[in-house]
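Undergrad: below is the sequence, then the predicted model.
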Amino acid sequence: DVKVTQSSRYLVKRTGEKVFLECVQDMDHENMFWYRQDPGLGLRLIYFSYDVKMKEKGDIPEGYSVSREKKERFSLILESASTNQTSMYLCASSLYDRRGISGYTFGSGTRLTVV
Amino acid sequence: AQKVTQAQTEISVVEKEDVTLDCVYETRDTTYYLFWYKQPPSGELVFLIRRNSFDEQNEISGRYSWNFQKSTSSFNFTITASQVVDSAVYFCALSEDLYNFNKFYFGSGTKLNVKP
(Lines give C-alpha, C1' and ligand atoms only; values in the text may rest on other atoms or scores of the structure.)
Protein backbone atom coordinates (compact mmCIF):
# COMPACT_ATOMS: atom_id res chain seq x y z
CA ASP A 1 0.00 0.00 0.00
CA VAL A 2 1.62 3.21 -1.15
CA LYS A 3 1.95 5.94 1.37
CA VAL A 4 2.92 9.39 2.36
CA THR A 5 4.04 9.29 5.95
CA GLN A 6 4.36 12.28 8.22
CA SER A 7 6.53 11.59 11.21
CA SER A 8 4.34 13.20 13.87
CA ARG A 9 0.59 13.40 14.24
CA TYR A 10 0.66 16.01 17.00
CA LEU A 11 3.42 18.38 18.05
CA VAL A 12 3.61 21.07 20.69
CA LYS A 13 6.52 23.48 20.47
CA ARG A 14 7.54 26.68 22.17
CA THR A 15 7.78 30.06 20.51
CA GLY A 16 11.22 30.58 19.03
CA GLU A 17 12.06 26.89 18.69
CA LYS A 18 13.31 25.47 15.42
CA VAL A 19 10.81 22.87 14.25
CA PHE A 20 11.27 20.09 11.72
CA LEU A 21 8.31 18.38 10.08
CA GLU A 22 9.25 15.28 8.15
CA CYS A 23 7.48 13.68 5.21
CA VAL A 24 8.42 10.47 3.43
CA GLN A 25 6.78 8.88 0.37
CA ASP A 26 7.40 5.44 -1.04
CA MET A 27 5.91 5.93 -4.51
CA ASP A 28 9.00 7.34 -6.27
CA HIS A 29 7.07 10.56 -6.94
CA GLU A 30 8.97 13.54 -8.30
CA ASN A 31 6.77 16.23 -6.81
CA MET A 32 6.29 16.88 -3.14
CA PHE A 33 4.33 19.62 -1.41
CA TRP A 34 3.76 21.19 1.96
CA TYR A 35 0.40 22.79 2.71
CA ARG A 36 -1.04 24.27 5.82
CA GLN A 37 -4.74 23.98 6.56
CA ASP A 38 -6.60 26.56 8.59
CA PRO A 39 -10.34 26.86 9.19
CA GLY A 40 -12.05 28.94 6.51
CA LEU A 41 -8.87 29.22 4.46
CA GLY A 42 -8.62 25.75 3.02
CA LEU A 43 -5.21 24.46 2.05
CA ARG A 44 -2.48 26.96 1.26
CA LEU A 45 0.75 25.98 -0.43
CA ILE A 46 3.91 26.74 1.53
CA TYR A 47 6.64 25.15 -0.60
CA PHE A 48 6.97 22.47 -3.18
CA SER A 49 9.75 20.49 -4.77
CA TYR A 50 9.90 18.88 -8.20
CA ASP A 51 13.24 17.15 -7.80
CA VAL A 52 15.97 16.41 -5.32
CA LYS A 53 17.53 19.63 -4.01
CA MET A 54 15.02 21.69 -5.99
CA LYS A 55 12.44 23.83 -4.23
CA GLU A 56 9.94 26.49 -5.13
CA LYS A 57 8.04 28.93 -2.97
CA GLY A 58 4.33 28.53 -2.75
CA ASP A 59 1.81 31.14 -1.71
CA ILE A 60 2.86 31.56 1.94
CA PRO A 61 6.58 30.72 2.31
CA GLU A 62 7.40 33.37 4.92
CA GLY A 63 8.76 31.89 8.12
CA TYR A 64 9.38 28.48 6.53
CA SER A 65 12.12 26.70 4.65
CA VAL A 66 12.37 23.22 3.16
CA SER A 67 14.91 20.55 2.44
CA ARG A 68 14.89 17.75 -0.09
CA GLU A 69 18.14 15.82 0.03
CA LYS A 70 16.59 12.56 -1.10
CA LYS A 71 13.74 11.94 -3.51
CA GLU A 72 11.54 10.26 -0.94
CA ARG A 73 11.93 12.82 1.85
CA PHE A 74 10.71 16.41 2.03
CA SER A 75 11.21 18.34 5.25
CA LEU A 76 9.49 21.53 6.32
CA ILE A 77 11.44 23.73 8.71
CA LEU A 78 10.08 26.47 10.91
CA GLU A 79 13.19 28.51 11.63
CA SER A 80 11.72 30.21 14.70
CA ALA A 81 8.25 29.00 15.52
CA SER A 82 5.59 31.57 16.24
CA THR A 83 2.05 31.22 17.53
CA ASN A 84 0.58 32.16 14.13
CA GLN A 85 2.16 29.01 12.75
CA THR A 86 -0.15 26.89 14.85
CA SER A 87 -1.94 24.88 12.18
CA MET A 88 -2.46 21.53 10.50
CA TYR A 89 0.38 20.77 8.11
CA LEU A 90 -0.22 18.42 5.21
CA CYS A 91 2.39 16.83 3.00
CA ALA A 92 1.51 15.51 -0.45
CA SER A 93 3.27 13.94 -3.38
CA SER A 94 2.45 13.40 -7.03
CA LEU A 95 3.91 12.12 -10.25
CA TYR A 96 5.18 14.46 -12.90
CA ASP A 97 2.99 13.06 -15.62
CA ARG A 98 3.08 14.60 -19.09
CA ARG A 99 0.03 12.65 -20.16
CA GLY A 100 -2.16 14.34 -17.63
CA ILE A 101 -2.05 15.57 -14.14
CA SER A 102 -1.96 13.01 -11.42
CA GLY A 103 -3.83 13.55 -8.23
CA TYR A 104 -2.04 14.12 -4.99
CA THR A 105 -1.47 11.49 -2.35
CA PHE A 106 -1.65 13.10 1.07
CA GLY A 107 -0.18 12.23 4.41
CA SER A 108 -2.33 12.17 7.53
CA GLY A 109 -1.19 15.59 8.63
CA THR A 110 0.71 17.02 11.58
CA ARG A 111 -1.20 19.22 13.96
CA LEU A 112 1.33 21.71 15.30
CA THR A 113 0.62 23.89 18.29
CA VAL A 114 3.07 26.67 19.12
CA VAL A 115 2.77 27.97 22.67
CA ALA B 1 -8.49 36.44 -6.30
CA GLN B 2 -9.75 33.05 -5.23
CA LYS B 3 -9.23 30.52 -7.97
CA VAL B 4 -11.56 28.02 -6.34
CA THR B 5 -14.60 29.06 -4.36
CA GLN B 6 -16.65 26.78 -2.18
CA ALA B 7 -19.33 29.09 -0.90
CA GLN B 8 -20.90 26.57 1.46
CA THR B 9 -18.88 26.50 4.66
CA GLU B 10 -20.96 23.84 6.37
CA ILE B 11 -23.99 21.76 5.42
CA SER B 12 -26.08 19.54 7.66
CA VAL B 13 -28.45 16.91 6.30
CA VAL B 14 -30.30 13.93 7.63
CA GLU B 15 -29.28 10.49 6.47
CA LYS B 16 -30.75 9.46 3.10
CA GLU B 17 -31.11 13.04 1.91
CA ASP B 18 -29.38 14.09 -1.28
CA VAL B 19 -26.84 16.89 -0.97
CA THR B 20 -24.92 18.98 -3.50
CA LEU B 21 -21.61 20.63 -2.76
CA ASP B 22 -20.85 23.61 -4.96
CA CYS B 23 -17.52 24.50 -6.52
CA VAL B 24 -16.80 27.48 -8.76
CA TYR B 25 -13.38 27.95 -10.28
CA GLU B 26 -11.55 30.66 -12.14
CA THR B 27 -8.86 30.15 -14.76
CA ARG B 28 -7.65 31.58 -18.05
CA ASP B 29 -6.04 28.34 -19.15
CA THR B 30 -7.79 26.27 -21.78
CA THR B 31 -6.38 23.07 -20.33
CA TYR B 32 -6.90 22.52 -16.66
CA TYR B 33 -7.88 19.84 -14.20
CA LEU B 34 -10.43 19.76 -11.44
CA PHE B 35 -10.44 17.50 -8.42
CA TRP B 36 -12.53 16.64 -5.40
CA TYR B 37 -10.99 15.37 -2.19
CA LYS B 38 -12.61 14.10 0.98
CA GLN B 39 -11.10 14.71 4.40
CA PRO B 40 -12.68 12.47 7.05
CA PRO B 41 -12.12 13.18 10.77
CA SER B 42 -8.94 11.09 10.63
CA GLY B 43 -7.37 13.96 8.67
CA GLU B 44 -5.98 12.33 5.55
CA LEU B 45 -7.32 13.76 2.30
CA VAL B 46 -8.67 11.10 -0.01
CA PHE B 47 -8.82 11.56 -3.77
CA LEU B 48 -12.35 11.21 -5.20
CA ILE B 49 -12.26 12.34 -8.81
CA ARG B 50 -10.27 14.18 -11.47
CA ARG B 51 -11.81 15.96 -14.44
CA ASN B 52 -10.06 17.31 -17.53
CA SER B 53 -11.24 20.61 -18.99
CA PHE B 54 -11.88 19.08 -22.39
CA ASP B 55 -14.21 16.41 -21.03
CA GLU B 56 -17.54 17.81 -19.90
CA GLN B 57 -19.25 14.49 -19.47
CA ASN B 58 -20.83 14.12 -16.09
CA GLU B 59 -19.68 11.20 -14.02
CA ILE B 60 -21.42 8.89 -11.61
CA SER B 61 -19.75 6.54 -9.19
CA GLY B 62 -22.17 4.77 -6.93
CA ARG B 63 -23.90 7.39 -4.80
CA TYR B 64 -21.51 10.09 -5.98
CA SER B 65 -21.97 12.19 -9.09
CA TRP B 66 -20.22 15.21 -10.51
CA ASN B 67 -21.62 17.92 -12.76
CA PHE B 68 -18.97 19.80 -14.74
CA GLN B 69 -20.18 22.90 -16.58
CA LYS B 70 -17.59 25.05 -18.31
CA SER B 71 -20.18 27.69 -19.19
CA THR B 72 -20.62 28.51 -15.51
CA SER B 73 -17.12 27.42 -14.38
CA SER B 74 -18.63 25.01 -11.93
CA PHE B 75 -17.80 21.50 -10.83
CA ASN B 76 -20.48 20.46 -8.38
CA PHE B 77 -20.54 17.25 -6.38
CA THR B 78 -23.76 15.45 -5.42
CA ILE B 79 -24.13 12.68 -2.88
CA THR B 80 -27.32 10.70 -3.28
CA ALA B 81 -28.93 9.05 -0.25
CA SER B 82 -26.29 10.40 2.11
CA GLN B 83 -24.91 8.26 4.91
CA VAL B 84 -23.28 9.09 8.23
CA VAL B 85 -19.94 7.89 6.83
CA ASP B 86 -20.12 10.71 4.28
CA SER B 87 -19.56 13.22 7.09
CA ALA B 88 -16.29 14.93 6.25
CA VAL B 89 -14.78 18.09 4.84
CA TYR B 90 -14.80 18.12 1.06
CA PHE B 91 -12.33 20.12 -0.98
CA CYS B 92 -12.51 21.12 -4.60
CA ALA B 93 -9.18 21.82 -6.31
CA LEU B 94 -7.92 23.22 -9.60
CA SER B 95 -4.65 22.52 -11.36
CA GLU B 96 -3.55 24.64 -14.29
CA ASP B 97 -0.75 24.20 -16.77
CA LEU B 98 0.41 20.70 -17.30
CA TYR B 99 3.99 21.81 -16.78
CA ASN B 100 3.41 23.85 -13.64
CA PHE B 101 4.72 21.03 -11.52
CA ASN B 102 1.24 19.96 -10.63
CA LYS B 103 0.52 22.90 -8.35
CA PHE B 104 -3.01 22.80 -6.98
CA TYR B 105 -5.33 25.54 -5.80
CA PHE B 106 -7.78 24.39 -3.16
CA GLY B 107 -11.10 25.83 -2.14
CA SER B 108 -11.74 26.54 1.52
CA GLY B 109 -13.71 23.33 1.93
CA THR B 110 -17.28 22.41 2.78
CA LYS B 111 -17.94 20.55 5.98
CA LEU B 112 -20.73 18.03 5.54
CA ASN B 113 -22.56 16.73 8.60
CA VAL B 114 -24.84 13.77 7.98
CA LYS B 115 -27.05 13.05 10.97
CA PRO B 116 -28.68 9.67 11.58
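TA: Perfect, I can see it now. Numbers count the residues shown, from 1 in each chain, chains lettered A, B, ... in the order given.

Undergrad: got the residues of chain A near chain B?
TA: For chain A, the contact set with chain B under Cβ under 8 Å from any Cβ of the partner chain comprises A:31, A:33, A:35, A:40-45, A:48, A:50, A:56, A:58, A:88, A:90, A:92, A:94-98, A:100-109, A:111. For the C-beta atoms, the positions are set from N, CA and C on the backbone; glycine is no exception.

Undergrad: next step: those restricted to helices.
TA: Using DSSP state H, the subset of the residues of chain A next to chain B located in helices is empty.

Undergrad: which among those end up buried?
TA: Listed as buried from these are A:31, A:33, A:35, A:42-45, A:48, A:50, A:58, A:88, A:90, A:92, A:94-95, A:101-109, A:111; burial here means 16 or more other Cβ atoms under 10 Å in any protein chain shown.

Undergrad: tell me the confidence at the residue lying closest to A:His29 once chain neighbours are set aside?
TA: The shortest distance from A:His29 to any non-neighbouring residue, by Cβ to Cβ, 6 or more residues apart in numbering or on different chains, is to A:Ser93 (3.9 Å). pLDDT for A:Ser93: 90.

Undergrad: how about B:Asp55, nearest residue that isn't a chain neighbour?
TA: Of all residues not flanking B:Asp55 in the chain, B:Phe68 sits nearest, at 7.7 Å (Cβ to Cβ, 6+ apart).

Undergrad: the helix-or-strand element of chain B with minimal mean pLDDT pairs with which strands, and in what direction?
TA: The helix or strand of chain B with the poorest confidence is strand B:59-61; it has a mean of 84 (mean pLDDT, DSSP states H and E). Strand B:59-61 has these partner strands in its sheet, going by DSSP bridges: strand B:64-69 (antiparallel).

Undergrad: so does the next helix or strand along the chain from the partner strand get close to chain A?
TA: Toward the C-terminus, strand B:64-69 is succeeded by strand B:74-79 as the next helix or strand (DSSP states H and E). No: using Cβ under 8 Å from any Cβ, strand B:74-79 never reaches chain A; the gap is at least 14.3 Å.
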